[in-house]
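Colleague: Next one to model:
(one chain, ligands or ions: 1)
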Amino acid sequence: MSASLLSRYNQPVPRYTSYPTVPFWKANPDTQRWKTEFIAAFNRHNEKEGISLYLHLPFCESLCLYCGCNKKITTNHSVEGEYLDAILKEWRMYRQMMEHPPMIRELHLGGGTPTFFSPDNLHRLITTMLADAVVHPEHSFSIEGHPNNTTREHLDTLYALGFRRISYGVQDLNPDVQRIIGRWQPLERLEDATNAARAAGFTAVNFDLIYGLPAQTPKHLQYTIDQALSLRPDRIAFYSYAHTPSVNCNQRLIDSTLLPAANDKLYLYQFGKMLLEEKGYVNIGMDHFALPTDELYIAWKTGKLHRNFMGYTVHNGGLLLGLGVSAISDIGSAYAQNDKSLTNYYRAITADQPAITKGYWLTPEDQVFKRHILDIACKGETQFEATWPAQLAVWTLPRLREMEKDGLVTLDSRGVALTDAGRPFLRQVCKAFDLHLLRDEKIRADLSLCGKQPAPAPSFSNAI
Ligand code: SF4
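Modeller: Modelled structure (predicted):
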């Protein structure tokens, strides 16, 4: 790829787990309106397709320098009890709004490190929540596990509760890269954790890998992929390292001179993609690779793939309830996010108040452009409406025509589709439909032209 093309498209861009993206949500949403619309969405979706739950468990025992998650580092495990009490109280608040027992279709434990919590505490959390709920016959329960502290007892406990999928954070398996990123995790730990999950009965094991880490070379990447694939995970998330030290202060501890240049990072992506595809993993959407036996691959093949705050999912439910500090909920017509500060989260829950501090109600225009962004992210293409909304012609089509000239998409009057060359820039194609971001960029450019200083721009990671 030419340097000029790379520099034009390798720009900061959102990951589109929502539209509009979080920086465009409003502070202090109307909590009464949120409750009313939550109840309506629950009544619409619960009986038909069930609901999805995301529980954010924020504690980790040690800090990984590259981390971009909402986490709290501590080795003091007495924090578990207080946090579980709060999240269960938050669940009860929502539970009281539900006229009928909730039917749980998806349940995901993310963090932080969910396996920071003891098996007994995870058991208490899930059994209490499910005590007066119905588990959907096609339920999917999953957890993010840390290979260093996921024990057989964790796995047996979770299996008995209905969990069948675990994702392990692998990142890079080379000791020198692990030392630089502050995540010491020997290969044997990953082997033991993977074998233990399968022995416990888990039917799906995912690995998360990262390219573009400091000091990471193609040789490092090849070693990581070779070793990881020897354990035959069902699914690989192959993430780009997002270096945003202005937002994630722990990343300031990374020596930025060790980061690969844009062209080298693109090479790492293409090299890693080739290695994964050679071993039978199929590229699905933005950064995911799956074996043809994996349910994500099947959903992608049959056009049923969906994307939300949990990333790619096989279930396109209408209601995702996020519980815990910083957790995000999506009820179709609106989004809400809990406070990111643990202290503020505890304060709100203790006062019997919803902990939401940010939110957004979608307009009819948002719904149209959200559909296009989801289709690009999940299918690699989107079809235009018979009558284009005026804003599509004004904001989107000029950008798509540029991308067409550069060979990243094919475009006609019916719609747009990514080409192979355009795959690394999928998020840039989504951005062509992001009216909030495009308008914001225009306002900033206009203010600069008038010699005025605009407010700081939202911070996103580069496309690759
Ligand atoms: S990468 Fe995971 S384990 Fe490491 S600090 Fe972040 S949330 Fe914790």
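Colleague: Output the contacting helices and strands for the longest strand belonging to the chain.
Modeller: Ranked by residue count and defined by DSSP state E, the top strand of the chain is strand 134-145. The contact analysis (3 or more Cβ pairs under 8 Å, 6 or more residues apart in numbering; DSSP states H and E) places strand 134-145 against strand 103-111, helix 152-160, strand 163-171. Every C-beta, even on glycine, is put in place using the N, C-alpha and C of the backbone.
Colleague: low-confidence ranges in the protein?
Modeller: Along the chain, segments meeting pLDDT under 70 span 1.
Colleague: Pick out the residue closest to the middle of it.
Modeller: Centroid-nearest residue in the chain: Gly311, 3.8 Å away (criterion: Cα atoms, centre = their mean).
Colleague: what's across from that one in the sheet?
Modeller: In this structure, Gly311 bridges to Asn308 when assessed by DSSP bridges.
Colleague: export stretch 314-326 as PDB, just CAs?
Modeller: Provided in PDB are the C-alpha atoms of stretch 314-326 (Å, rounded to 0.1, in the frame of the first residue of the first chain):
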ATOM      1  CA  VAL A 314     -24.600 -14.400  17.200                       C
ATOM      2  CA  HIS A 315     -27.800 -13.100  18.900                       C
ATOM      3  CA  ASN A 316     -29.400  -9.900  17.700                       C
ATOM      4  CA  GLY A 317     -31.500  -9.200  20.800                       C
ATOM      5  CA  GLY A 318     -33.300  -6.000  21.400                       C
ATOM      6  CA  LEU A 319     -32.200  -5.500  25.000                       C
ATOM      7  CA  LEU A 320     -28.700  -5.600  26.500                       C
ATOM      8  CA  LEU A 321     -28.500  -4.700  30.200                       C
ATOM      9  CA  GLY A 322     -25.100  -3.800  31.500                       C
ATOM     10  CA  LEU A 323     -24.500  -4.000  35.300                       C
ATOM     11  CA  GLY A 324     -21.500  -2.800  37.200                       C
ATOM     12  CA  VAL A 325     -19.100   0.100  37.100                       C
ATOM     13  CA  SER A 326     -18.800   1.700  33.600                       C
END
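Colleague: So is that stretch next to the ligand?
Modeller: No. Judged by Cβ under 6 Å from any ligand atom, stretch 314-326 stays clear of the ligand, getting no closer than 11.6 Å.
Colleague: how about that stretch: buried residues?
Modeller: 314-315, 317-326 (16 or more other Cβ atoms under 10 Å).
Colleague: Which one of the residues you listed is nearest to the ligand?
Modeller: When the buried residues of stretch 314-326 are ranked by distance to the ligand (Cβ to the nearest ligand atom), Ser326 comes first, at 11.6 Å.
Colleague: Could you look up the SS state of that closest one?
Modeller: State at Ser326, reduced to three classes by DSSP: H, G, I helix; E, B strand; the rest coil: coil.
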